[in-house]
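> okay, predicted coordinates and the sequence, questions at the end:
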Amino acid sequence: MAKKKSQAKKKTPVPALQTEEAVSREVETTEAQTEVKAGEETALVKATETEKETKKAEKTKEDKKQDKNNKNNKKNVKNAKNGKKLKEKGSLKRKTKETFAELKKVTWPSFADVCKKTGVVLVVVLIFAVIIFGIDTGLGALMQLLRPGS
């Protein structure tokens, strides 16, 4: 029993009550944290809204282009059914200029590169020619063996 009494006397100390100042500081920090979280949420909401708006704008542009293409295709089909020739847009001179402008944008291979690739093609063609010649000769000899009178 003596042990029980000594254990009962050694109680853990009760924490002191918080002062009003400590409580107000704690409330202020939690309020600030909630404001930051709310600000982040609104920023996220605004970002997603702007993303949705840009996607809608892109879709509407694509839809307009698609509608225009569909209308042109319908006109072309209608004209083709009626036997009318399709009108080409632009002149020959403009198209020629555009063609040469595109040709200037092309990255052309060097002469050495062209020679190497041509050599590879010729070697592969020769290899297959030899293989086909061998198969043809072998099958011809086999046919001679199967038809003894010829």
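Arrived safely, thanks for sending. Residues are numbered from 1 along each chain as shown.
> how about residue 90, secondary structure?
Of the three states, residue 90 takes coil under DSSP: H, G, I helix; E, B strand; the rest coil.
> tell me how many other residues surround residue 65.
Neighbours of residue 65 under the rule other CB atoms under 10 Å: 10. All C-beta atoms are positioned from the backbone trio N, CA, C, and that covers glycine.
> go on, residue 127?
10.
> please, which helix or strand holds it?
If you go by DSSP states H and E, residue 127 is part of helix 111-146.
> also residue 96?
Per DSSP H and E: helix 92-105 holds residue 96.
> could you list the buried residues of that helix?
By neighbour count on 16 or more other CB atoms under 10 Å, the buried set for helix 92-105 is empty.
> summarise which helices and strands it is packed against.
Applying 3 or more CB pairs under 8 Å, 6 or more residues apart in numbering; DSSP states H and E, one finds that helix 92-105 makes contact with no other helix or strand.
> then it to CSV, C-alphas only?
Listed next in CSV are the C-alpha coordinates belonging to helix 92-105 (Å, rounded to 0.1, in the frame of the first residue of the first chain):
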residue,chain,number,x,y,z
LEU,A,92,-0.6,30.6,-112.0
LYS,A,93,2.1,33.3,-111.3
ARG,A,94,1.3,33.4,-107.6
LYS,A,95,1.3,29.6,-107.4
THR,A,96,4.7,29.4,-109.1
LYS,A,97,6.1,32.0,-106.7
GLU,A,98,4.8,30.0,-103.7
THR,A,99,6.3,26.8,-105.1
PHE,A,100,9.7,28.3,-105.5
ALA,A,101,9.4,29.8,-102.0
GLU,A,102,8.7,26.4,-100.6
LEU,A,103,11.6,24.9,-102.5
LYS,A,104,14.0,27.4,-100.9
LYS,A,105,12.9,26.1,-97.5
